[in-house]
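**Q** Structure for this input, please:
(one chain, ligands or ions: 1)
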Amino acid sequence: NRSEITCIGCGVTIQTDDPKQIGYAPPSSLGKESVICQRCFRLKHYNEVQDVSLTDDDFLKILNGLSEVDGLIVKIVDIFDFNGSWLPGLHRFVGKNPILLIGNKEDLLPKSVKRSKLIQWMKHEAKQLGLQPIDVLLVSATKGSSIDEAIDTIEHYRNGKDVYVVGCTNVGKSTFINRIIKNVAGEDDVITTSHFPGTTLDMIEIPLDDGSALVDTPGIINHHQMAHFVDKKDLKLITPKKEIKPMVFQLNEGQTLFFGGLARLDYMSGGRRSLICYVSNELKIHRTKMENAESLYKKHVGELLQPPRKNDLEEFPPLVRHEFSLKQGKTDIVFSGLGWVTINDPGAVVAAYVPKGVSVLTRPSLI
Ligand code: GDP
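**A** As a prediction, the model looks like this:
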């Protein structure tokens, strides 16, 4: 009976159908006496964690599980998709455990973005969303910046207890943990997986020196992310790979910008002024007259205005309009998962359009 085979590393039920889902092992491994899932296999043999994703039911199981542990929760978010990669409700499940909030992908920000301002904003936004982290950090898991600071901070707050790393898919959780493993253990030390006693959480445990563990939880799928509305190739396109180069548009009242076919910004009133766009350099921005925008979109979404592609249109949610009257100067209009647009002078009225479910918000400019 297949359903009774569990991984000797993390205790997850083994499946052989989908390598991207948790518990995957190749069919050939089923004959063996003890079966290890691919995620634990990679950790054991290559000192690398692999990201796998989780269904909504499993998500609830994980959250519930966290209320029973005693340790430090490290929550990773993608600073380029802060609201999209937020795990809503986490604060209700973690009990008394402290949460350290880490914003990853710091390397994508232009140099002109003040790191301290972003951290202030993250603290403020976290509070709005019901979370009071004990500390907030900015790191780049790929470039390695501030990773040592993150390790020291985790060491400081964990107080000899276990560390639970949570995050939704694509925030860079695996890259972050792999970085930590390399920095802490060095390339040569073999980190072994050990069974998490009585787990129903399918977490992998990475032993720390003092007998505690760094526990990796599977990535949680956040259905509201822009990332889920585009195909793999387009996800690469909308995700900046290196420092974003701002693009400046001089707009008159009544002009519209399209960001591919994924988002739209109507500049309604406020006189002629410049809008500074911070999005992936590969995402095409089209300017048009506001009065033509609707029909242009209907006609050309999936072609001139892409992503999304033609094939994705059936499942692509309609764009929803959100109007903002920007009373303060120096404001960012943030399109979760895409980037943001900065307007320097006060008094502009704009309408931002994003796919239904994706968030759009304003914040004091980070620059
Ligand atoms: P996970 O699903 O959270 O485990 O995420 P992964 O570690 O697989 O990373 C998801 C994507 O984000 C990959 O394409 C990574 O290369 C990228 N990524 C991870 N960390 C960083 C980072 O610090 N900076 C940048 N620019 N990209 C990152």
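**Q** Up against the ligand, what does the protein have?
**A** Proximity of the chain to the ligand (C-beta under 6 Å from any ligand atom) is limited to residues 51, 104-105, 107-108, 140-142, 167, 169-175, 219. Where C-beta positions appear, they are placed from N, C-alpha and C, glycine not excepted.
**Q** make it 8 Å
**A** By the rule C-beta under 8 Å from any ligand atom, the part of the chain lying against the ligand is 49-51, 53, 76, 78, 104-108, 139-143, 167-178, 219, 239-242.
**Q** show me what contacts the closest residue to residue 304 other than its chain neighbours?
**A** Using C-beta to C-beta, 6 or more residues apart in numbering and skipping residues adjacent in sequence, the residue nearest residue 304 is residue 286, 7.1 Å away. Going by C-beta atoms under 8 Å, 6 or more residues apart in numbering, residue 286 touches 257, 258, 304, 305.
**Q** list the contacts for the closest residue to the last one other than its chain neighbours?
**A** Closest residue to residue 305 apart from its sequence neighbours, by C-beta to C-beta, 6+ apart: residue 261 at 3.6 Å. When contacts are counted by C-beta under 8 Å, 6+ apart, residue 261 is found next to 297, 300, 301, 302, 305, 306, 307, 308.
**Q** Is the fourth one in contact with residue 260, as I believe?
**A** Okay, so that is residue 302. No. Look at residue 302 against residue 260 with C-beta atoms under 8 Å: they stay out of range, at 9.9 Å.
**Q** pull the CA atoms of the helix or strand hosting residue 103 into PDB?
**A** In the assignment (DSSP states H and E), residue 103 maps to strand 99-104. Extracted C-alpha coordinates of strand 99-104, given in PDB (Å, rounded to 0.1, in the frame of the first residue of the first chain):
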ATOM      1  CA  ILE A  99       8.800  36.200  14.600                       C
ATOM      2  CA  LEU A 100      11.800  37.600  12.800                       C
ATOM      3  CA  LEU A 101      10.800  39.200   9.500                       C
ATOM      4  CA  ILE A 102      13.400  38.900   6.600                       C
ATOM      5  CA  GLY A 103      12.900  40.800   3.300                       C
ATOM      6  CA  ASN A 104      14.800  38.900   0.600                       C
END
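**Q** start at 526 instead
**A** Taking 526 as the first residue, the last one we looked at is strand 624-629.
**Q** strand partners of that strand, parallel vs antiparallel please.
**A** Strands that pair with strand 624-629, judged by DSSP bridges, come out as strand 596-603 (parallel), strand 660-663 (parallel).
**Q** so what secondary structure elements neighbour the very next helix or strand once past that strand?
**A** Remark: after strand 624-629, the chain's next helix or strand is helix 640-653, criterion DSSP H and E. When contacts are defined as 3 or more C-beta pairs under 8 Å, 6 or more residues apart in numbering; DSSP states H and E, helix 640-653 packs onto strand 624-629, strand 660-663, strand 885-889.
**Q** Same question for stretch 842-861: list its buried residues.
**A** Applying a neighbour-count criterion of 16 or more other C-beta atoms under 10 Å, one finds 844, 849, 851, 856, 857, 858, 859, 860, 861 buried in stretch 842-861.
**Q** Make a markdown table out of those and add distance to residue 737.
**A** Below are the buried residues of stretch 842-861 laid out as a markdown table (distance: C-beta to C-beta, whole Å):
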| residue | distance to residue 737 |
| --- | --- |
| 844 | 47 |
| 849 | 46 |
| 851 | 48 |
| 856 | 44 |
| 857 | 40 |
| 858 | 43 |
| 859 | 37 |
| 860 | 40 |
| 861 | 35 |
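**Q** Pull the number of nearby residues for residue 532.
**A** Neighbour count of residue 532, defined by other C-beta atoms under 10 Å: 25.
**Q** let me fix that: residue 812
**A** By other C-beta under 10 Å, the residues close to residue 812 number 13.
**Q** For the residue in the stretch 676-825 of the chain that the ligand sits nearest to, list the residues it contacts.
**A** Across the stretch 676-825 of the chain, no residue is closer to the ligand than residue 697, which sits at 2.8 Å (C-beta to the nearest ligand atom). When contacts are counted by C-beta under 8 Å, 6+ apart, residue 697 touches 601, 603, 629, 630, 666, 667.
**Q** Which residues does residue 599 form beta bridges with?
**A** Beta-bridge partners recorded for residue 599 (DSSP bridges): residue 625, residue 690.
**Q** mind checking how far it is from residue 628?
**A** Per C-beta to C-beta, to the nearest Å, residue 599 is found 12 Å from residue 628.
**Q** With residue 852 instead?
**A** Distance from residue 852 to residue 628, by C-beta to C-beta: 27 Å.
**Q** ditto for residue 693
**A** For residue 693, the distance to residue 628 equals 13 Å [C-beta to C-beta].
**Q** swap in residue 804?
**A** Relative to residue 628, residue 804 is positioned 18 Å away (C-beta to C-beta).
**Q** how about the buried residues of stretch 842-861 in a markdown table, adding secondary structure and pLDDT?
**A** Output for the buried residues of stretch 842-861, formatted as a markdown table (DSSP: H, G, I helix; E, B strand; the rest coil; pLDDT from 0 to 100):
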| residue | secondary structure | pLDDT |
| --- | --- | --- |
| 844 | strand | 97 |
| 849 | strand | 97 |
| 851 | strand | 96 |
| 856 | strand | 96 |
| 857 | strand | 96 |
| 858 | strand | 97 |
| 859 | strand | 95 |
| 860 | strand | 95 |
| 861 | coil | 92 |
